[in-house]
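Visitor: turn this into a structure:
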Amino acid sequence: MSHDPSQPSPAIVVDADACPVKDEVYRVAERYGVAVTIVANSFIRIPDDPLISRVVVSDGFDAADDWIAERAGDRTLVITADILLAERCLQAGAAVLSPKGTAFTENSIGAAVATRAIMADLRAGGEQVGGPAPFTKADRSRFLQAMDAATRRLSRPR
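Guide: Next up is the predicted model:
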């Protein structure tokens, strides 16, 4: 199978600060031969692999999000827990997965953004609403399955 140079190569972009599934991303990407870019506000160790690169952005507000959203497109899979970044990437045509394996879609992102806003309002009002549930083995397994399926779709010739 030859690569059509007029078509962008598939790519995986990881919002890497506090991402618990980087090793899983590396394994799935290697299986499909898809390039991975790790984006963070500080240095993060990555495997010595030509398919894996690292981008360290400034620690400015939303610097990593802006870098990722500006490069998201229909041949990109973005891994992020950030709902507002997920929304921006979906608008750019990217596929988006949370580290817990939930696919953000055009149909689900509106409810996720609304829930995020409600929780932020409650916290601002002094409510003790708690944080996200702890990351579990089931989350990791669900992520691997969703990542494999999304990468397989991304890797198909257009």
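Visitor: which residues touch residue 10?
Guide: Residue 10 is in contact with 34, 35, 75, 76, 77, 151, 154, 155, counting by CB atoms under 8 Å, 6 or more residues apart in numbering. (C-beta placed from N, C-alpha, C; glycine too.)
Visitor: can you tell me how far the residue nearest in space to the middle of the chain is from residue 53?
Guide: Geometric centre of the chain, nearest residue: residue 79, 1.2 Å, by CA atoms, centre = their mean. Between residue 79 and residue 53 the distance, using CB to CB, to the nearest Å, works out to 15 Å.
Visitor: and the buried ones among the contacts of residue 10, selectable in ChimeraX?
Guide: Selecting just the buried residues from those in ChimeraX takes one command, with 16 or more other CB atoms under 10 Å as the test:
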select :34,75,76,77,151,154,155
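Visitor: mind checking which of the contacts of residue 10 are in helices?
Guide: 151, 154, 155 (DSSP state H).
Visitor: burial of the residue nearest to the last one when sequence neighbours are not counted, as a residue count?
Guide: Put plainly, it is residue 155. Spatial nearest neighbour of residue 155, excluding adjacent residues (CB to CB, 6 or more residues apart in numbering): residue 32 at 4.7 Å. Using other CB atoms under 10 Å as the criterion, residue 32 is surrounded by 15 other residues.
Visitor: I'd guessed residue 56 sits against residue 37; true?
Guide: No. Between residue 56 and residue 37 there is no contact, the gap being 11.3 Å when judged by CB atoms under 8 Å.
Visitor: all strands of this structure, in order?
Guide: For the chain, strands defined by DSSP state E occupy the ranges 11-15, 35-40, 52-56, 76-79, 95-97, 103-104.
Visitor: including mean pLDDT and distance to residue 24, could the ones you listed go into JSON lines?
Guide: Supplementary listing: those in JSON lines, determined by pLDDT from 0 to 100; distance: least, CB to CB, whole Å:
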{"stretch": "strand 11-15", "mean pLDDT": "96", "distance to residue 24": "10"}
{"stretch": "strand 35-40", "mean pLDDT": "96", "distance to residue 24": "11"}
{"stretch": "strand 52-56", "mean pLDDT": "96", "distance to residue 24": "13"}
{"stretch": "strand 76-79", "mean pLDDT": "97", "distance to residue 24": "9"}
{"stretch": "strand 95-97", "mean pLDDT": "95", "distance to residue 24": "11"}
{"stretch": "strand 103-104", "mean pLDDT": "91", "distance to residue 24": "15"}
